[in-house]
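J.: Structure for the following, please:
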Amino acid sequence: MFTASSAPRSLLPSWLGGASWQQPGVAPTSRWMPVAGLLAACVAVVFAVAAPAGVRLDDRAAAASLLLFAIAPLGLASLSWLRDRSFRARDLLIAGVAGLLAIAGGPFAVVSSALCVAASLALLRSRALSFPWFHWLQRRTPGAGLLRALITAAVVTIVLLLLSSRERTPAPGADEILLALSSGVSQEAGWRLFGYVAAIYLMGGVPRTRMQRAWCLALMIVPQVLLYTLARVVAGSWSGLALEGAIVAVVYVAPMALLLRRFGVVPAVVCHLLVDAVRFAALA
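T.: All right, here's what the predicted structure looks like:
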């Protein structure tokens with residue numbers, strides 16, 4: 001557990017809510033604009049990547065993912081290391097393990113997972129917060145988090161199978177489980193956690209107002225939904241984007257984002273692993 005005495009000066013000027021917070025690890029109630037700005041920047045990156053003509057969809061998705069989930073965490077981690085002296089050698093070990101767990105997803109999954117986890121560790125330390133294995137500031141037992149993960153996974157899986165019109169639940173094999181593990185680690189412990197931790201860093205602590213929580217959830221959900229529906233963005237199909245994006249957000253992305261925000265990283269990864277193992281088997 002990091003101590004409150006290790007908390008640095010605020011990154012922001014006073015007119016953006018840069019005053020020191022009242023409780024260690026908790027954001028001032030007035031600060032949410034930096035998160036809205038970061039969300040706007042993420043959305044702008046996706047639309048900028050979608051704009052050029054004559055570029056394959058896979059290349060666009062790779063470029064957006066590289067900017068959001070490799071270059072951005074590397075930049076914020078470097079800022080934290082230089083400004084807050086938050087680097088610890090053991091962070092590289094934890095980040096390396098995360099990268100190895102995502103190895104089935106390919107080189108980018110390995111690199112982005114490791115960079116996002118390393119950045120999250122550094123940014124959390126600079127805000128006097130420990131890594132959220134099973135909880136944030138509110139104490140929660142591992143059992144409660146895993147039970148919620150199982151319930152969420154069951155509900156999400158049933159809804160996905162109903163939407164795909166499958167008559168029976170497919171049986172995932174070893175390949176599907178390894179790919180699902182890679183997806184769960186890279187997206188939950190990597191991408192989504194990094195987005196939430198970046199918001200925490202900019203706000204000065206864990207959100208405590210509805211406005212702050214709403215902007216943080218939007219940052220965890222909207223960029224990934226846009227990447228899932230990138231074909232709609234490129235085609236300029238706004239009605240299709242709104243419908244498909246709403247379905248992806250409500251059915252697939254938002255439940256895991258809420259699970260991560262309330263119960264920490266491990267339950268979110270477990271839930272994602274279970275859902276994707278069935279989903280990948282269904283698509284096989």
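J.: hang on, V225 packs against G245?
T.: Yes - here V225 lies in contact with G245, judged by C-beta atoms under 8 Å, at a distance of 5.0 Å. Every C-beta, even on glycine, is put in place using the N, C-alpha and C of the backbone.
J.: Look up the pLDDT of the closest residue to V253 other than its chain neighbours for me, please.
T.: Leaving aside its sequence neighbours, V253 sits nearest to I221 (C-beta to C-beta, 6 or more residues apart in numbering; 5.1 Å). Predicted confidence (pLDDT) for I221: 96.
J.: for the one 3 residues further on, same thing?
T.: Note for Q224: predicted pLDDT of 93.
J.: Dihedrals phi and psi, it?
T.: Main-chain torsions, Q224, degrees, to the nearest 10: phi -70, psi -40.
J.: ok, which stretches of the stretch 1-150 of the chain are helices?
T.: 33-50, 57-66, 72-84, 89-101, 107-126, 142-163 (DSSP state H, counting those that start in this stretch).
J.: if we compare those helices, which one ends up closest to T229?
T.: helix 33-50 (9.8 Å; C-beta to C-beta).
J.: Next, the buried residues of the closest one.
T.: 34-36, 38-39, 42-43, 45-46, 49-50 (16 or more other C-beta atoms under 10 Å).
J.: same question, stretch 136-150
T.: 136, 140, 145-146, 148-149.
J.: closest to W215 among the residues you listed?
T.: For the buried residues of stretch 136-150, the nearest to W215 is W136 (16.2 Å; C-beta to C-beta).
J.: The closest one: what's its closest spatial neighbour, skipping adjacent residues?
T.: Nearest to W136 is V206, by C-beta to C-beta, 6+ apart, at 5.4 Å.
J.: mind checking how far the one you found is from V278?
T.: 32 Å (C-beta to C-beta, to the nearest Å).
J.: before we move on, what about C216?
T.: In terms of C-beta to C-beta, C216 sits 28 Å off from V278.
J.: Please apply the same query to A95.
T.: For A95 relative to V278 (C-beta to C-beta), the value is 29 Å.
J.: Also Y252?
T.: Taken as C-beta to C-beta, the span from Y252 to V278 is 12 Å.
J.: Over to V156?
T.: 9 Å.
J.: which ones are touching A77?
T.: 115, 118-119, 122-123 (C-beta atoms under 8 Å, 6 or more residues apart in numbering).
J.: How far does stretch 63-80 stretch from one end to the other?
T.: 24 Å (C-alpha to C-alpha, to the nearest Å).
J.: Same check on stretch 261-269?
T.: 12 Å.
J.: low-scoring stretches of the stretch 151-284 of the chain, by residue?
T.: Within the stretch 151-284 of the chain, the ranges that satisfy pLDDT under 70 run 165-170, 283-284.
J.: give the contact list for I177.
T.: 273, 277.
J.: That one is in what secondary structure piece?
T.: helix 174-184 (DSSP states H and E).
J.: returning to that earlier point: what's the separation between the residue nearest to V253 and V159?
T.: 17 Å.
J.: Compare those two and say which is more crowded by neighbours.
T.: I221 (23 against 16; other C-beta atoms under 10 Å).
J.: Overlap in contacts, Y252 and V278.
T.: L160.
J.: Please report how far G105 lies from P142.
T.: 26 Å.
J.: nope, L123 is what I was after
T.: 24 Å.
J.: same question, A153
T.: From A153 to P142 the distance is 16 Å (C-beta to C-beta).
J.: before we move on, back to that, compare C216 and V278 and say which is more crowded by neighbours.
T.: In terms of neighbours (other C-beta under 10 Å), C216 is the more surrounded of C216 and V278; the figures are 26 against 22.
J.: do you know how far A114 is from A128?
T.: Counting by C-beta to C-beta, the gap from A114 to A128 is 24 Å.
J.: And those two? Which one has more around it.
T.: Between A114 and A128, counting by other C-beta under 10 Å, A114 is the more crowded of the two (24 against 20).
J.: give me every residue that touches that one.
T.: A114 touches 95-96, 98-99, counting by C-beta under 8 Å, 6+ apart.
J.: Just give me the neighbour total for S113.
T.: For S113, using other C-beta under 10 Å, the count is 33.
J.: right, I mislabeled it, should have said A51
T.: Count around A51 with other C-beta under 10 Å applied: 11.
J.: Also the one 3 residues further on?
T.: By the criterion of other C-beta under 10 Å, G54 has 4 neighbours.
J.: Ok, A242 next?
T.: Neighbour tally, A242, other C-beta under 10 Å: 12.
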